[in-house]
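K.L.:
Show me how the following folds:
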Amino acid sequence: MKIRVHKEKFDKLIRLRNLLIAVVIFLIIVIFFFVLNILNANRISWGTKTADISIGGLSSQDARMKLIEASEEFSKNDLFLTYENSHWVTNLKDLGVEIDVDATINMISRQGHHENKFIINAWEQLICLGGYNLKPVWRIDEERLEIFFQEKLSSIHQPAQNSTLVYDEKKQDFVVTASKKGVVIDKNKFKKDLTKIINSFQSGDIRLTLIEDEPEVLESETQMAKDRTKSILSAAPFKIMIIEDKEQKEVVEIEKEDLLSLLDFKPALDPQNPNNKILGVNLNPEETKNYLISLAPSINREPVDAQLTIKNNQVTTFALSQIGTRLEIEGNIPVLSKGILNPQSNKEIQLKINEIQPKITTESMNNLGITALLAKGVSIFSGSPNNRVHNIKVGAARFNGILIEPNEEFSFNNSLGEVGPEQGYEPELVIKKDKTIPEYGGGLCQVSTTLFRAAINAGLKITERYPHAFPVKYYNPQGFDATIYPPSPDLKFINNTPNYILIQAKVVKEELIFELYGTDDDRKVVIEGPKQYDIKEDGSMKAELTQKVYDKENNLIIDKTFYSNYKSPNLYPVERNPLE
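P.N.:
Coordinates of the predicted model:
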């Protein structure tokens, strides 16, 4: 009896011991995986490899940089191709192989790092710890590979030739060419051998194997394409139409000769038998695109903004706005293809065009806010030579009718554009580098000065203005001028009124007048000066002009003084502005 009791106690102790051992082992395992999970936090799982390159324990960015360096070096390594007694040397780049480093790193980064999956993460991290070698992600450009085979390995890679159509100029008809069997490199085996090399990032040899290549399109199938092509050509000419100003308009006719350059023949799936291929009749996308581009100039039309003029202080329209048109190129490739390949009874093909709205439409005139004369600027050019007067009139006309948007910064030089004989300017004598020489556009500073005076009087914010180098009689009183010479110096100001400003320029006898029309916002403009001082016998002087602008609440919003430092006219040959 005592022996039995002792045995039961002994067995109980054994079970307790085994339980404790199991608990301890479990705790050790849990602690192990817990520590491992901490060590692998924000890192590639320890022990991980790809292409036999160890990247475990690295951050994703460090692993990416390491793999980029290794893949670039590997891609330059020689790859040896052999067939019987023939040998070729190439590399992965020539074959069109690209190692996708980002996709590889993204795949590896997920190993052992799944969200809320502790057991799966622990298992994957344990596997990685044993040196798990993941295969890199890569892709191959099939077209580039085929080109490589045909150009470099043409002695053994001879694809089958499909039957196709060739236009015979003498017969004025299409001729069916014969199909021919071929022998090509077994690409499936080639890719398997290539995969083994890429998976280890090691150079190696690939023994090529040849297989028979059957043509996809036979003569009987090409004859069907010939019959369809004849039907398409017999439907010519096709009328190209567009909708313009809500009316249908014919642009051009596509004749048979045009169609011959557009037609393209390539193998296509047989709609009657998906397992078979026939010779497809299509339009060549690139040739079709080029044809549409050639049509564009006869269709495209720039939009025309509505233009304004002022009569008796009233704004009237003197040119209505016009909507522009632009031929779609890419979008019309399928439209043209469908119209030609599936001709309708009327054989008309309507192309898509986009309408381009003008910036200023006739309907929006009433919204511009041009209702009042804001200010004017005046200068006198009496005594100017004929060429100078001519240039002033041509230059002023460039600014007549210009609209300036609210908050837009106006640039005199940008609106002026090119200055030369092509723009109608005459040469006018200037003194430049101790010489008296003619230069096109002499006198344009009369235009910039007059516009500057109008902008000052209108209370606009002047952002760029330069005085002349010396006093010029045409710009009295001195200190109220603005010199320009494209591209710099320039005259710039901001339309700080609530609506558009319209510029009007006119010449009355020997006066140049600029008028600015817009919205009267009850601002008050005070001009002080110009005041001349420090006047010397050699003609040099200084001047200042102050512009103060008050809003309708009488708050001072602009207080700016423009300083002018004029040198002696005796220095004119050195300092003369070529446009003056």
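K.L.:
CA only for contacts and neighbour counts going forward, please
P.N.:
Fine.
K.L.:
Helices of the stretch 451-580 of the chain, residue ranges please.
P.N.:
Using DSSP state H, counting those that start in this stretch, the helices assigned to the stretch 451-580 of the chain run over residues 572-575.
K.L.:
in it, what spans have low per-residue confidence?
P.N.:
Residue ranges of the stretch 451-580 of the chain with pLDDT under 70: 572-580.
K.L.:
That one: strands as residue ranges?
P.N.:
If DSSP state E, counting those that start in this stretch is used as the criterion, the strands of the stretch 451-580 of the chain fall at 461-464, 492-494, 501-508, 511-518, 524-533, 541-550, 556-566.
K.L.:
what comes into contact with the longest one?
P.N.:
The reference is to strand 556-566. Contact partners of strand 556-566, identified using Cα atoms under 8 Å, 6 or more residues apart in numbering, comprise 461, 466-471, 479, 540-551.
K.L.:
for the shortest one, same thing?
P.N.:
In this structure, residues lying in contact with strand 492-494 by Cα under 8 Å, 6+ apart are 407-412, 455, 460-465.
K.L.:
Okay, now the sheet partners of it, with direction.
P.N.:
With DSSP bridges as the test, strand 492-494 is paired with strand 409-411 (antiparallel), strand 461-464 (antiparallel).
K.L.:
The last one too?
P.N.:
The strands that strand 556-566 pairs with in its sheet are strand 541-550 (antiparallel) (by DSSP bridges).
K.L.:
Now do the partner strand and strand 524-533, the angle between them.
P.N.:
Using axes from the mean of the first three to the mean of the last three Cα atoms, to 10 degrees, the direction of strand 541-550 lies 170 degrees away from that of strand 524-533.
K.L.:
Pull the distance from strand 541-550 to the chain's centre.
P.N.:
46 Å (Cα atoms, centre = their mean, to the nearest Å).
K.L.:
Was I right to think K49 contacts L58?
P.N.:
No. K49 is not in contact with L58 according to Cα atoms under 8 Å; the separation is 11.0 Å.
K.L.:
ok, these two, which is more surrounded?
P.N.:
Just comparing K49 and L58: by other Cα atoms under 10 Å the higher neighbour count belongs to K49, 21 against 18.
K.L.:
one step back: tell me which of the strands of the stretch 451-580 of the chain sits most buried.
P.N.:
strand 511-518 (a mean of 23; mean count of other Cα atoms under 10 Å).
K.L.:
Can you give the contact residues for that strand?
P.N.:
With Cα under 8 Å, 6+ apart as the test, strand 511-518 has contacts from 369-382, 447, 450-451, 454-455, 458, 497, 499-507.
K.L.:
May I have the residues that are in contact with the spatially most central residue of the chain?
P.N.:
Taking Cα atoms, centre = their mean, the centroid of the chain lies closest to E330, which sits 16.0 Å from it. By Cα under 8 Å, 6+ apart, the contact list for E330 reads K289.
K.L.:
K230 versus the residue lying closest to Y167 once chain neighbours are set aside, what's the distance?
P.N.:
Of all residues not flanking Y167 in the chain, F174 sits nearest, at 4.2 Å (Cα to Cα, 6 or more residues apart in numbering). For F174, the distance to K230 equals 9 Å [Cα to Cα, to the nearest Å].
K.L.:
which SSE is the closest residue to Q350 other than its chain neighbours in?
P.N.:
Take Q350 and drop its neighbours on the chain: the residue closest to it by Cα to Cα, 6+ apart is M241, 4.5 Å away. M241 is part of strand 238-244 when elements are defined by DSSP states H and E.
K.L.:
what's that strand packed up against?
P.N.:
Judged by 3 or more Cα pairs under 8 Å, 6 or more residues apart in numbering; DSSP states H and E, strand 238-244 is in contact with strand 247-254, strand 348-350.
K.L.:
What is the last one packed up against?
P.N.:
By that I understand strand 348-350. strand 238-244, helix 332-341.
K.L.:
which of the residues in the helix or strand just after it are buried?
P.N.:
Following strand 348-350 in sequence order, the next helix or strand is strand 353-356 (DSSP H and E). When neighbours are counted by 16 or more other Cα atoms under 10 Å, the buried residues of strand 353-356 are found to be I353, E355.
K.L.:
what mean pLDDT does strand 353-356 have?
P.N.:
On average, the pLDDT along strand 353-356 is 88.
K.L.:
For the helix or strand that it is followed by, what is the distance to the chain centroid?
P.N.:
Once the chain leaves strand 353-356, the next helix or strand it forms, by DSSP H and E, is strand 372-380. Its chain's average C-alpha position is 43 Å from that of strand 372-380, according to Cα atoms, centre = their mean.
K.L.:
go on, stretch 489-504?
P.N.:
31 Å.
K.L.:
what's the span of it from first residue to last?
P.N.:
Terminal-residue distance, stretch 489-504 (Cα to Cα): 23 Å.
K.L.:
Over to stretch 149-158?
P.N.:
Using Cα to Cα, the end-to-end distance of stretch 149-158 comes out at 9 Å.
K.L.:
Buried residues, the helix or strand where D227 lies. List them.
P.N.:
Per DSSP H and E: D227 is located in helix 219-234. Using 16+ other Cα under 10 Å as the test for burial, helix 219-234 gives E219, E221, T222, Q223, A225, K226, T229, I232, L233.
K.L.:
got the angle for that helix vs helix 332-341?
P.N.:
100 degrees.
K.L.:
what does helix 219-234 rub up against?
P.N.:
Defining contact as Cα under 8 Å, 6+ apart, one finds that helix 219-234 is touched by 163-165, 174, 176-179, 256, 259, 278-281, 340-341, 343.
K.L.:
Can you tell me which of those are buried?
P.N.:
Counted by 16+ other Cα under 10 Å, these give 163-165, 174, 176-177, 179, 256, 259, 278-281, 340-341, 343 as buried.
K.L.:
Please list the members of those that lie in helices.
P.N.:
Those of the buried ones among the contacts of helix 219-234 mapping onto helices are K256, L259, I340, L341, per DSSP state H.
K.L.:
I figured the first one hits A236, correct?
P.N.:
Yes. The pair K256 and A236 qualifies as a contact (Cα under 8 Å) at a distance of 5.7 Å.
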